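Peer 1: Mind looking at a prediction? Sequence and model below.
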Amino acid sequence: MQRFFQDGWAALVCVVAAVSATLLSGMNFPEQNNLWHLPVVLNYPATQEGPHDPYHATFTNFISVFWLVVRQFATEQNVQTVFYGLQLGGNALLALTLYGFARIAQASRRATLLVCMGLPFCYGLWGATRLGFSELFVTYATHTQYAIVLCLLGLLLLLHGRVLLSALAVGAAANTNLFMAAWTFATALLFIAAVQKKPLARDTVRYAAVFLVAATPTLLWLHSIPRGPALPMAFFQEFLRGHVYALDYPRAALQTVLLGATAGMALWRHAPGSPGLVQLLGLLNLCCTAVLVLAMAAPYVCELPAIGLLHPLRFASITVLLSAACAAVLLLQSLATGGAGAMLPALAAVAGFLIKEPLVSILGLALAAQGGRPARPWRAAMLAALASLLLDAPTAALSAKLAVFCSLLAALLAAAWLADGAGPRGAAAAASLAVAGVLTLLDTTVWTVVATLALMACLMLAAPRWQVAALAAALLAALAGVRQQGTDGPTAALLVAALLLVPAAALAARQLGSSGRGAMRLAGAGRLCIVAPLLLALPAGYARFALEHARAPTKRADALTDAASWARQHTPVGASFFLDVPDNGFANQARRAVWWLPSQGAAAMWSTAFHATWVCRRDAAAAFAARGETLQLVQRAHVDYVVTSAPQPLPEAQFALVHASGPLRVYRLLPAARQQPELCAAVAAAP
């Protein structure tokens, strides 16, 4: 660990890269889960303005010490800046943690830095995981990412034998996000048992004791919350399927498990000699994958609400990030040993994270596990990965950002294979690579997989004399794809830099086996061209942020924001609203209660008594909407105002128009128009 803390300059560059990648991806506020974070940070229930409705009253039970700390310095005036800082800080800390894992390879600091600089720009490490929809590098501020960083730090400390510090870090994660820490705690105990070959070793007891002490604030807080009726499993099946039930996402489930297993075995079998840090990292990832499998099976084996509340599938983010660290370590080791036989599988493993396609990483890691000649178990893993394409999965469109990473993929694989050459095959490789480039850049994610496999086959089978022609064809196809996609200035500059990497890699790789001063200079120039795109990527995010400081909202969002601002200024404190339009954080902007929204169901997780109110209002809203009686619902719900985009005016006998904003209209429900009995008034909703 001392070596890691001595790398101050390298850590600084990793932070710069992470911040640049964050700015390139966009700063968003409020976004997604910020819908629930803001009432906690600004402490809505304790303020005079509120809202004080049953839904917002539940936030007194939102269990996260992290947000209580943020509350101490966040105000309504600086909250956006605070959340932007939290997003940048979380991504920077994650990049530093991945750098700490990469140093396990004991490669040169320069090589380690170059690899880790590229990780924040990997398309596959951004956004939500395909299994569990958990956090990686994030596009908005969330406490879960800080919990993930603490959990990864705890596992890194455990690798270095710092058992008590590891338990302290995971315990601190429990005070940030309990479910992420719980599964990481199980992984740590399994790893200790596997290393010491004892199910109940002394370190196991010490680890558990320190973890419980560190997590005491959250455990006591959890114990003090008034207990309501247990949540039915139907709630998790309806509201939290993506976080709980793996069989709803079979392709993502299979590929995530195979990714963790092959990454773990690639390091466990690849590292020579007695078990060292590299092999222990592989073992750790195998333990992490095993815990993920148990977590995936738990909701089907025992239908306990506690299992659902622990969001078992969101632990997938730890597996994915550890697998990325394994791929980085594998690449660094192959760069040290040289030779395309070792480099190609490692580069393929990293390339899968570049294009957000686990299949590519699985194939590369399976090859690496057996030195390029997979034995029967690894053939099975590769076939299972290919078969996963037949399983159901949500569709995803190709983005211009993905085109950048596909170009990087072509360059990486080309550089690896040109470094060593291949046996004589045929001219069909050039044509197949050209087709692969076109499909990769112009079609869907499924075709990205097909194109990548064709690209790998081409580079492995092509005769040396055809490889340059194949690279030229791929470059032309990529340029055509760029023109077809259309991008903004900074992204286009990054894309052009990535495309220049292809011929530069070919130039450098063809000179690796040459001798003489001229050849050495050419090789050095080629290597510089390979590094140049990464150096150009560093300022790309800052340039984009300067040119596009804020994302342009849609007209509907503008209108709803204006309506929320009007509501806060011109309606009495305690007024309630009914939204007949898609919500965009209206309640947080207006500081007024909204009668029912689907997202309010999340409050049942930290205040189970609210579940009955949410279900009652959900069923009532669905029943009235099915009969086309939304206005009657408003009258029975006893709300004060209605926000609607209906072009025809509401009946003047019951509603008075009080505000218009673009396509939206705000009406006040006249007191005489309220109908009895009030909907869901008899439901106990106390948190």
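Peer 2: All right, it came through fine.

Peer 1: burial measure for residue 302, as a count.
Peer 2: Counted with other C-beta atoms under 10 Å, the neighbours of residue 302 add up to 9. C-beta: built from backbone N, CA, C; applies to glycine.

Peer 1: packing partners for the helix or strand hosting residue 330?
Peer 2: Mapping residue 330 onto the secondary structure by DSSP states H and E places it in helix 316-337. Using 3 or more C-beta pairs under 8 Å, 6 or more residues apart in numbering; DSSP states H and E as the contact definition, the elements that helix 316-337 packs against are helix 79-102, helix 109-118, helix 143-159, helix 178-196, helix 250-270, helix 277-301, helix 340-354, helix 358-369.

Peer 1: tell me the angle of it relative to helix 143-159?
Peer 2: Orientation of helix 316-337 against helix 143-159 (axes from the mean of the first three to the mean of the last three C-alpha atoms, to 10 degrees) gives an angle of 50 degrees.

Peer 1: pLDDT of helix 316-337, averaged?
Peer 2: Average pLDDT, helix 316-337: 89.

Peer 1: Dump the C-alpha coordinates for it into PDB.
Peer 2: Extracted as PDB, the C-alpha positions of helix 316-337 are listed here (Å, rounded to 0.1, in the frame of the first residue of the first chain):
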ATOM      1  CA  ALA A 316     -23.400  -6.600  -9.500                       C
ATOM      2  CA  SER A 317     -21.600  -3.300  -9.700                       C
ATOM      3  CA  ILE A 318     -18.900  -4.600  -7.400                       C
ATOM      4  CA  THR A 319     -18.400  -7.700  -9.600                       C
ATOM      5  CA  VAL A 320     -18.200  -5.600 -12.800                       C
ATOM      6  CA  LEU A 321     -15.700  -3.100 -11.400                       C
ATOM      7  CA  LEU A 322     -13.500  -5.900  -9.900                       C
ATOM      8  CA  SER A 323     -13.600  -7.600 -13.300                       C
ATOM      9  CA  ALA A 324     -12.500  -4.400 -15.000                       C
ATOM     10  CA  ALA A 325      -9.600  -4.200 -12.500                       C
ATOM     11  CA  CYS A 326      -8.700  -7.800 -13.300                       C
ATOM     12  CA  ALA A 327      -8.700  -7.000 -17.000                       C
ATOM     13  CA  ALA A 328      -6.500  -4.000 -16.400                       C
ATOM     14  CA  VAL A 329      -4.000  -6.100 -14.400                       C
ATOM     15  CA  LEU A 330      -4.000  -8.800 -17.100                       C
ATOM     16  CA  LEU A 331      -3.300  -6.200 -19.700                       C
ATOM     17  CA  LEU A 332      -0.400  -4.700 -17.700                       C
ATOM     18  CA  GLN A 333       1.100  -8.100 -17.200                       C
ATOM     19  CA  SER A 334       0.800  -9.000 -20.900                       C
ATOM     20  CA  LEU A 335       2.400  -5.700 -21.900                       C
ATOM     21  CA  ALA A 336       5.400  -6.500 -19.600                       C
ATOM     22  CA  THR A 337       5.800 -10.000 -21.100                       C
END
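
Peer 1: Enumerate the positions of it that are buried.
Peer 2: Neighbour counts using 16 or more other C-beta atoms under 10 Å place 316-335 of helix 316-337 among the buried residues.

Peer 1: ok so, going back, okay, the helices and strands packed on helix 316-337, which one's buried deepest?
Peer 2: helix 358-369 (a mean of 28; mean count of other C-beta atoms under 10 Å).

Peer 1: any idea of the mean pLDDT for that helix?
Peer 2: Predicted confidence along helix 358-369 averages 77 (mean pLDDT).

Peer 1: Give me the helices and strands touching it, please.
Peer 2: The elements that helix 358-369 packs onto, with contact taken as 3+ C-beta pairs under 8 Å, 6+ apart, are helix 250-270, helix 316-337, helix 340-354, helix 376-387, helix 445-461.

Peer 1: what's the angle between the second one and helix 109-118?
Peer 2: Think helix 316-337. With the same axes, to 10 degrees as the criterion, the two stretches helix 316-337 and helix 109-118 enclose an angle of 140 degrees.

Peer 1: Please apply the same query to the first one.
Peer 2: Angle of helix 250-270 versus helix 109-118, following the same axes, to 10 degrees, is 180 degrees.

Peer 1: so helix 250-270 versus helix 358-369, what angle?
Peer 2: Direction vectors for helix 250-270 and helix 358-369, defined by the same axes, to 10 degrees, enclose an angle of 20 degrees.

Peer 1: Report the angle between helix 250-270 and helix 277-301.
Peer 2: Between the axes of helix 250-270 and helix 277-301, defined by the same axes, to 10 degrees, the angle is 150 degrees.

Peer 1: go on, the second one?
Peer 2: If you take the same axes, to 10 degrees, helix 316-337 sits at 160 degrees to helix 277-301.

Peer 1: and residue 176, helix, strand or coil?
Peer 2: Using DSSP: H, G, I helix; E, B strand; the rest coil as the criterion, the local structure at residue 176 reads coil.

Peer 1: if I look at it, how far off is residue 292?
Peer 2: According to C-beta to C-beta, to the nearest Å, residue 176 stands 20 Å off from residue 292.

Peer 1: And residue 140, by the same measure?
Peer 2: As it turns out, when the distance is counted by C-beta to C-beta, residue 140 lies 25 Å from residue 292.

Peer 1: Thanks a lot, catch you later.
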